[in-house]
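Participant: Sequence unavailable; structure follows:
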């Protein structure tokens, strides 16, 4: 199980201002807290900047990797920003993301190959966002095929089923759960990742929906997740679910997390 | 989705004493509160009494059905207690439970047939408790076969996969989840029910484990559950999960539950 800490993202409340101000201490704290709470990778995203993503992403990479000893997830669809930031990375990175759209695929693939990056592959292609799980699985299959044909190892590919709001279509949650189960069954060896919170966009008490969605997604076969490691309830449910799924010998990790005060009921 | 309210059970803390004292007002309150919080059936269990289960169960039936207009779940393996209480029931009941054990099957079946009861069928037979999901599915299949052969409609059968503690074997949770998925796939038309809390027996912060287990079980296909309707977090996760599974048109039930103050994050 990989946890990607999502807090350093300019679309989150208050982050954009700190990024504009280049407040290094603020981002150091965010990185340290996330790693202390279980992040295996630290996401860096400055996609909402009107201009200067290349310089900002590079600055964030420098700040975060001078602070914590974890790999980064470069969260940008922009090949120029990725190309600027990648040479600064001291550890192998994850890139989020590539898609089956021709331009985006061709723009990002050379960087994945050159830097031997882990790659998040979003279930979308030039025909748009697939509206059900069968089409998503077909897009995922095509993406895995194209990536492996181009020399990307299966173990470096993280399929993202593309989470969309329930408030738009009440089948959007189930489509993701079924896609995860389908990828797990039909594409053995590939990883599955997603962010969760889009699913609850537009609904009240979003955190509850996100909590249940995390457990369902893990049950279906999700093995990497983009979330806020400071959300103790989410981390608690993640651990409890892994224990329930038989992924925690003698419940040791659960018992240790309880002793360390990391579990919230 | 059926919710069986589990609070009137003599094995729960403080209940045995009130039952010995025949404190009708206490049990009326328990029944009213459970129904107000979503119970579709009210469980009555006095199995821990050293003697007098027949009289006690009958008394409980009279008290509860004079108070709330919901069917009862007679929770006893004892044919004598069931035979004493069943004639008092004004609505059709659920009986919890029958098993594949020869004596128990033959003791309870005539009552199921005479009273056209819904029946909880536990995945256990004379060879003992099956230790994996394949054997449980085989026991479930045999039970459904024997019950339907004896004229019990499929729609009245509720398979209980038999929840055992993770603390005894870390595969016990997964065995239940896989059994639920197997029954859902292989035995269409049958219902699946379970109590949840046994899974966390012996572990600290049990409620968290129970919460994640509820969501996983619903995701696998559970469509009836024995729980405490006063546990607001469990009811909240139940509703959120149903919404995520596409069982809540336009998220209406979720939005209504939020407005009614029934949702807790």
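Facilitator: Now that the structure is in, tell me what you want to look at. From a predicted model like this one, the values you see are computed outputs, not experimental measurements. Residues are numbered from 1 along each chain as shown, chains lettered A, B, ... in the order given.
Participant: quick one: the strands in the stretch 51-200 of chain A?
Facilitator: With strands called from DSSP state E, counting those that start in this stretch, the stretch 51-200 of chain A shows them at A:72-75, A:94-100, A:118-125, A:157-160, A:191-195.
Participant: I'd like those strands laid out as CSV, including mean pLDDT.
Facilitator: CSV is the format used below for those (pLDDT from 0 to 100):
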stretch, mean pLDDT
strand A:72-75, 98
strand A:94-100, 97
strand A:118-125, 97
strand A:157-160, 98
strand A:191-195, 97
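Participant: what's near enough to touch the spatially most central residue of chain A?
Facilitator: The centroid of chain A falls nearest to residue A:226 when counting by C-alpha atoms, centre = their mean (3.7 Å). Contact analysis of residue A:226 by C-beta atoms under 8 Å, 6 or more residues apart in numbering or on different chains lists A:4, A:6, A:43, A:73, A:96, A:193-196. Just so you know, the C-beta spots here come from the backbone N, C-alpha and C atoms, and that holds for glycine as well.
Participant: ok, which residues in the stretch 51-200 of chain A are in contact with chain B?
Facilitator: A:166-167, A:170-171, A:173-174, A:177, A:199 (C-beta under 8 Å from any C-beta of the partner chain).
Participant: before we move on, the earlier item: any chance of CSV for the strands of the stretch 51-200 of chain A, columns mean neighbour count?
Facilitator: Converted to CSV, those look like this (neighbours: other C-beta atoms under 10 Å in any protein chain shown):
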stretch, mean neighbour count
strand A:72-75, 27
strand A:94-100, 24
strand A:118-125, 24
strand A:157-160, 26
strand A:191-195, 24
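Participant: Excluding covalently adjacent residues, which one is nearest to residue A:201?
Facilitator: The shortest distance from residue A:201 to any non-neighbouring residue, by C-beta to C-beta, 6 or more residues apart in numbering or on different chains, is to residue A:165 (4.0 Å).
Participant: Can you tell me which of the residues of the stretch 51-200 of chain A next to chain B is nearest residue A:240?
Facilitator: residue A:177 (18.4 Å; C-beta to C-beta).
Participant: Is that closest one in contact with residue B:220, as I believe?
Facilitator: No - taking C-beta atoms under 8 Å as the definition, residue A:177 is not a contact partner of residue B:220, at 10.9 Å.
Participant: quick one: contacts of stretch A:10-24?
Facilitator: A:6-9, A:26-27, A:45-49, A:56, A:59-60, A:63.
Participant: Can you give me the end-to-end span of it?
Facilitator: 14 Å (C-alpha to C-alpha, to the nearest Å).
Participant: Could you pull out the buried residues of it?
Facilitator: The neighbour-count check on stretch A:10-24 (16 or more other C-beta atoms under 10 Å in any protein chain shown) flags A:10, A:15, A:18-19, A:24 as buried.
Participant: cool, stretch A:45-63 as well?
Facilitator: Under 16+ other C-beta under 10 Å, the buried positions of stretch A:45-63 are A:45-46, A:49, A:53-54, A:56-61, A:63.
Participant: again, but for stretch A:254-264
Facilitator: So for stretch A:254-264, counting by 16+ other C-beta under 10 Å, buried means A:254-255, A:257-258, A:263.
Participant: How about the secondary structure of the residue nearest to residue A:59 when sequence neighbours are not counted?
Facilitator: Of all residues not flanking residue A:59 in the chain, residue A:22 sits nearest, at 6.4 Å (C-beta to C-beta, 6+ apart). Applying DSSP: H, G, I helix; E, B strand; the rest coil to residue A:22 yields a three-state assignment of coil.
Participant: about what we covered before: okay, who's weakest in the contacts of stretch A:10-24 by pLDDT?
Facilitator: When the contacts of stretch A:10-24 are sorted by pLDDT, the bottom entry is residue A:49 at 86.
Participant: Phi and psi next, for that one.
Facilitator: With angles defined as degrees, to the nearest 10, residue A:49 sits at phi -60, psi 140.
Participant: That one contacts residue A:56, correct?
Facilitator: Yes - if you go by C-beta under 8 Å, residue A:49 and residue A:56 touch, sitting 5.5 Å apart.
Participant: Sounds good, over and out.
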